[in-house]
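# need a structure here:
(one chain, ligands or ions: 2)
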Amino acid sequence: KLASREYKPEDTVINIDNLSLGGHDLQVMAGPCAVESKEQLLEVAHLVKNAGAKILRGGAYKPRSSPYSFQGLEEIGLKYLARAREETGLYIVTEVMDTQKVDLVSYYADVLQIGARNMQNFPLLRAAAKSGKPVLLKRGLSATIEEWILSAEYILKEGNSQVILCERGIRTFETYTRNTLDLSAVPVIKYLTHLPVIVDPSHGTGKWRWVQPMAQAAVAAGADGLIIEVHPNPSEALSDGPQSLTPENFNKLMNSLKPIAQAV
Ligand code: PEP
Ligand code: MN
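Numbering: from 1, shown residues only. Ligands and ions are numbered 1, 2, ... in the order given. Next up is the predicted model:
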């Protein structure tokens, strides 16, 4: 298997221009769940950059449980992301949900995100792989580690070796948290594969209060990066407000990671 340590013993390092993910540096991706307006996005982009993030997240196409919920700004959202990159130098990660949108999203994005709901959308995995962009593959809501690695295999098999795995919590019987963040997946993935693995404590917990401690734990467990939802005003967010950090709390989180990252 192409993802395995037997096939490739050394860690894969993803290069986005001169930024590397999967090497020694811990990379933090941060930004709103959804791109809501130019003002919202640019404000949060500058804030997360000043706090030390190198990659800006933000969905322009949103996979919402309800068809009546905000679905994203689509191509306009992609243009705002490109504008934020120009202004800040942050790289862009954003979700692609549809094979027919892969070319468009890859035109604007530096990293293509495959959402948890699409982890086993095999035609989408193949199309995203063919874009040649790095692919951030989120773990499916009820996917085993084995199934998740096999999905990465679909991308690798197309000749794209730039795959980043993202643990974002799985469905369990627990309801206090939105999902159960499976941090044991981090050392397991690092043992079984050569791919970088990052953690999303925002979707992993669903509540902002638990984001910082789980981000710290993820770094201690050996994660290569984090993806964190930050909103200038979480109570007014169009999606995932309850799990979004204020800029102030994001700053605190970033400062809390430094001693842990140095220790691992
Ligand atoms: C997101 O990153 O906003 C998102 C929808 O994540 P997931 O696919 O993990 O639910
Ligand atoms: Mn979200």
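# what does the stretch 51-200 of the chain put close to ligand 1?
59, 63, 115-117, 138, 168 (C-beta under 6 Å from any ligand atom). Backbone N, C-alpha and C define where each C-beta goes, glycine included.
# any idea whether the residue nearest the centre of the chain is helix, strand or coil?
Nearest to the geometric centre of the chain sits residue 227, at 4.7 Å (C-alpha atoms, centre = their mean). Three-state assignment for residue 227 (DSSP: H, G, I helix; E, B strand; the rest coil): strand.
# isn't it right up against residue 166?
Yes. Here residue 227 reaches residue 166: they are 6.4 Å apart, a contact under C-beta atoms under 8 Å.
# which residues are common contacts for these two?
Listed as contacting both residue 227 and residue 166 by C-beta atoms under 8 Å, 6 or more residues apart in numbering are 136, 198-200.
# and of those, the nearest to ligand 2?
residue 200 (8.6 Å; C-beta to the ion).
# how about the residue in the stretch 151-264 of the chain positioned nearest to ligand 1, what does it touch?
Relative to ligand 1, the nearest point of the stretch 151-264 of the chain is residue 168 (3.9 Å; C-beta to the nearest ligand atom). Residue 168 makes contact with 116, 138-139, 179, 181, 199-200, 203-204, according to C-beta under 8 Å, 6+ apart.
# buried residues in stretch 46-54?
47-49, 51, 53-54 (16 or more other C-beta atoms under 10 Å).
# Need the contact partners of it.
19, 27-31, 56, 87-91, 228, 230, 232, 247, 250-251, 254.
# pLDDT averaged over that stretch - what is it?
Across stretch 46-54, pLDDT averages out at 98.
# now it: how far from the chain's centre is it?
On the basis of C-alpha atoms, centre = their mean, to the nearest Å, stretch 46-54 is displaced by 16 Å from the centre of the chain it belongs to.
# what about the strands in this protein?
In the chain, the strands defined using DSSP state E lie at 14-16, 19-21, 27-31, 55-57, 91-95, 111-114, 135-138, 163-167, 197-199, 225-229.
# could these go into JSON lines alongside distance to residue 218?
Putting the strands of the chain into JSON lines (distance: least, C-beta to C-beta, whole Å) gives the following:
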{"stretch": "strand 14-16", "distance to residue 218": "18"}
{"stretch": "strand 19-21", "distance to residue 218": "14"}
{"stretch": "strand 27-31", "distance to residue 218": "11"}
{"stretch": "strand 55-57", "distance to residue 218": "16"}
{"stretch": "strand 91-95", "distance to residue 218": "17"}
{"stretch": "strand 111-114", "distance to residue 218": "18"}
{"stretch": "strand 135-138", "distance to residue 218": "14"}
{"stretch": "strand 163-167", "distance to residue 218": "8"}
{"stretch": "strand 197-199", "distance to residue 218": "4"}
{"stretch": "strand 225-229", "distance to residue 218": "6"}
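# wait, which of the ones you listed is closest to residue 189?
strand 197-199 (4.5 Å; C-beta to C-beta).
# what about the residue lying closest to residue 162 once chain neighbours are set aside, neighbour count?
Spatial nearest neighbour of residue 162, excluding adjacent residues (C-beta to C-beta, 6 or more residues apart in numbering): residue 134 at 3.8 Å. Counted with other C-beta atoms under 10 Å, residues neighbouring residue 134 total 23.
# Does residue 134 touch residue 164 like I think?
Yes. Counting by C-beta under 8 Å, residue 134 sits close enough to residue 164 to count as a contact (6.3 Å).
# Now list whatever residues contact both of the two.
Going by C-beta under 8 Å, 6+ apart, residues that sit against residue 134 and also against residue 164 are 14, 21, 111.
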